[in-house]
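Participant: Kindly return the folded structure for what I paste below:
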Amino acid sequence: MPFALFRRLVPLVAATALCMPLTATAQGSDGAMRSALEAARSGNFHNINDAAIRGHELAGYVAYYRLRDRLPNASPQEVLSYISANADAPLGDWMREQAILRYGKAGRYGDLLAVAGGVPETTAEQCYYYTAQLGQSPAVAAQGGRELWLVGRSQPDACDSLFSTLRARGEIGGTEIFERMMLAWENGEDGLVSYLGRQLGPAWSSAAAAQQSVAANPSRLASVARCVGPDCAGTASFVRAAIIATAESSPAAALSAWQQVSGSVSLPAQSRQALEREIIYYALRRDQRSLLGWIDGALAGQQDPEVFELRARLAIRDRDWAAVERTVGIMPAETQAKARWQYWLGRALALRGQQAEAQAAYARAAGQRDFFGFVAADRLGQPYDLNMEDTRFSEAERAQVAGWPTVRRTEALLRVGQEGLANLEWNHAVSSAGPTDARRLADYAAGRGWHVRLVQTTIVGKMLDALPWRFPEAYREDFRRWGQANNVDPYLLMGIARRESAYNPEALSPAGARGLMQLMPGTAALVGRQVGIGDPGPYGVLDPATNIRLGSTYIRDMIARYGGNRIAAAAAYNAGPHRVDTWLARAPGEFDLFIEEIPFKETRRYVRAVLEYRVVFESLAQGSTQGVQVLTAAEKSSRYDGAMVRR
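Facilitator: Numbering: from 1, shown residues only. Below is the predicted model:
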């Protein structure tokens, strides 16, 4: 792609073209709508001034709350009419879901089937749907009900009536109860295992006893596994569950038991693959090298990328380059083609003296926008390939989008302070649109400066190569200001913020990290005192400029701690410096080995992503990848060990 496409984007469209001006009447209407939505949500419909909101873009939202409040007494005709009138908004889907749930709970099954429009999505809806089918289409109800039954976890209360009826009719019998019991055993749902065991009839008592015996002592599997249940009907599910349940605590015991019974028990290929996957996974996680002979033979029958990654990483840790080459060679095609594994294949081949083959593997990696792709390109001495698509639209195309009903509703929701609903409205529009219209919506979001919504648009619309949209110029001046003040590369700061929060200034992680650069409260307080502003508090840290100032100071200190090394600093930003100090103390020396041997998957991905994103930001800013480097010469040549730590 020509580098001209990298040039900094001109303003996409004037603000007056994108945001329709508000007249005094429109402003008044928005005020009335804000009040109407608040009243509708709380059920105070008598407080709504219908005349003031008539014709407003958001009238459908008020109508939604009104109709929902009348369910299940509202007629299916009213529900269908509403769904039809709001088919281009999430409101239609929400109303159908509410009608199914409320009709189902009230036992109004004819009304439910009238509005369902096919099999619903959620489990509770499906349970009510198939309950409604019991009288109309018993075979459909039985098939759907059995599928809902055969899961290894508890199901919603909405399923109780369906399951009870199917059991009474004999559609769910001892075999199905035992199969679900085995799925629960696989999932570690001991309470459900016990409950289902009590539901089994006398014919299955020996099977229930066998489960209890093997759960207590896996070595007993071989003595009981050849025939479980009446006419051996439970044998296959029993063996699969026993092996999977045992593998987590003792992969060796699970393998031993499997090898004893595999020749005498007939299992479907999918079940064999599933139980062997569990043995492989936990054996590799627990570093049980004594099982590698069997693992290397069994891997060829697997499809889960995670078990191949675990085996390849163990081979890298052992410097077993033949095993690296062999493992990459049998990975599923999509996994094998990734830059990460082509890079490691190249490394393995080069270390085994196969230089031409190594260069070919590096070339395959270098064609991808990826941290390891960039490192491979460095080894080949070639520029980085960003694989960027054109994100330009004409002014005429942009002007049309502003008038789309979904865009007008999103704008109106933002005007009345309903940002959460605006995001739902917008994401529904993107997910419902075709590729071209989804990109037109992204272009609109970019022109409006909706950075968080724009990034989400690229995620929902799967626009992985639309780099100016995936990596917008959000808070650029703050990144430049505090990067310069702290002598930290602003593109590194942008990469961290993009990875941490996707530019959401109000992001809050489950662990409590806050804001653009996801600072923990303790870190924010410590750094705040360090720079002289004190503890910003839980809300002050959400201010973008404050968050960037504190985050840039903290990463500056991490960079200094590790002698200017951004790999170690990024790892410390994610996992904490004390962990990184420990990893460095036992590190292998080279940068790629250090990254690959970081114990935490999240941190491995984080380091690679931050440095990859940094390359993208710099390349977009300067209009090409010329001179852009994913790592400095020192970062490539440094020895990664305990001596790197400079407290």
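Participant: what about the closest residue to Gly564 other than its chain neighbours, neighbour count?
Facilitator: With sequence-adjacent residues excluded and distances taken as CB to CB, 6 or more residues apart in numbering, Gly564 is closest to Ala634, at 6.8 Å. Quick note: C-beta positions are derived from backbone N, CA and C, even for glycine. Other residues near Ala634 come to 12 when the count uses other CB atoms under 10 Å.
Participant: before we move on, what about Trp482?
Facilitator: 24.
Participant: The residue nearest to Gly564 is in what secondary structure piece?
Facilitator: For Ala634, the host element (DSSP states H and E) is helix 633-637.
Participant: Can you read off the pLDDT for the residue nearest to Gly564?
Facilitator: Reported pLDDT at Ala634 in the predicted model: 96.
Participant: how close does it sit to Val615?
Facilitator: Going from Ala634 to Val615 by CB to CB, to the nearest Å gives 17 Å.
Participant: okay but Thr458 is in contact with Pro468, surely?
Facilitator: No: using CB atoms under 8 Å, Thr458 is not in contact with Pro468; the gap is 9.9 Å.
Participant: Between those two, which contacts overlap?
Facilitator: Shared contacts of Thr458 and Pro468, defined by CB atoms under 8 Å, 6 or more residues apart in numbering, are absent.
Participant: Relative to Gly293, how far out is the residue nearest to Gly564?
Facilitator: Counting by CB to CB, the gap from Ala634 to Gly293 is 41 Å.
Participant: what do you get for Ala609?
Facilitator: Separation of Ala609 from Gly293 (CB to CB) stands at 36 Å.
Participant: What of Gln336?
Facilitator: Following CB to CB, the distance that separates Gln336 from Gly293 is 23 Å.
Participant: neighbour-wise, which of the two wins?
Facilitator: The residue with more neighbours, out of Gln336 and Gly293, is Gln336; 17 against 9, by other CB under 10 Å.
Participant: for that one, what are its contacts?
Facilitator: Counting by CB under 8 Å, 6+ apart, Gln336 has contacts 328-329, 342.
Participant: what residues are up against Ala124?
Facilitator: By CB under 8 Å, 6+ apart, the neighbours of Ala124 are 101, 104, 156, 158-159.
Participant: Of those - the most surrounded one?
Facilitator: Result: Gly104 is most packed of the contacts of Ala124 (other CB under 10 Å), 26 neighbours.
Participant: what's the closest non-adjacent residue to Tyr135?
Facilitator: Wrong residue type there; residue 135 is Gly, not Tyr. That would be Tyr109: by CB to CB, 6+ apart, it lies 7.2 Å from Gly135.
Participant: Just give the number of residues close to that neighbour.
Facilitator: Quick note: Tyr109 (other CB under 10 Å) scores 18 neighbours.
Participant: Spit out the contact partners of it.
Facilitator: The contact partners of Tyr109, taken as CB under 8 Å, 6+ apart, are 103, 128, 131-132, 135.
Participant: Tabulate those residues in JSON lines, adding columns for distance to Gly551.
Facilitator: Formatted as JSON lines, the contacts of Tyr109 follow (distance: CB to CB, whole Å):
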{"residue": "Tyr103", "distance to Gly551": "50"}
{"residue": "Tyr128", "distance to Gly551": "48"}
{"residue": "Thr131", "distance to Gly551": "52"}
{"residue": "Ala132", "distance to Gly551": "54"}
{"residue": "Gly135", "distance to Gly551": "61"}
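Participant: can you pick the most crowded of those?
Facilitator: Busiest of the contacts of Tyr109 [other CB under 10 Å] is Tyr128, holding 30 neighbours.
Participant: Average pLDDT for the strand or helix carrying that one, rounded please.
Facilitator: Per DSSP H and E, Tyr128 falls inside helix 123-136. Per-residue pLDDT values across helix 123-136 average out to 97.
Participant: after that helix, next one along is what?
Facilitator: Trace forward from helix 123-136 with DSSP H and E and the next one is helix 138-149.
Participant: Which residues does that next one contact?
Facilitator: Counting by CB under 8 Å, 6+ apart, 119, 123, 126-127, 129-131, 133-134, 155, 159, 162-163, 166, 169, 171-172, 176, 180 sit against helix 138-149.
Participant: Could you pick out the longest helix of the protein?
Facilitator: helix 601-622 (DSSP state H).
Participant: Just give the number of residues close to Cys232.
Facilitator: For Cys232, using other CB under 10 Å, the count is 14.
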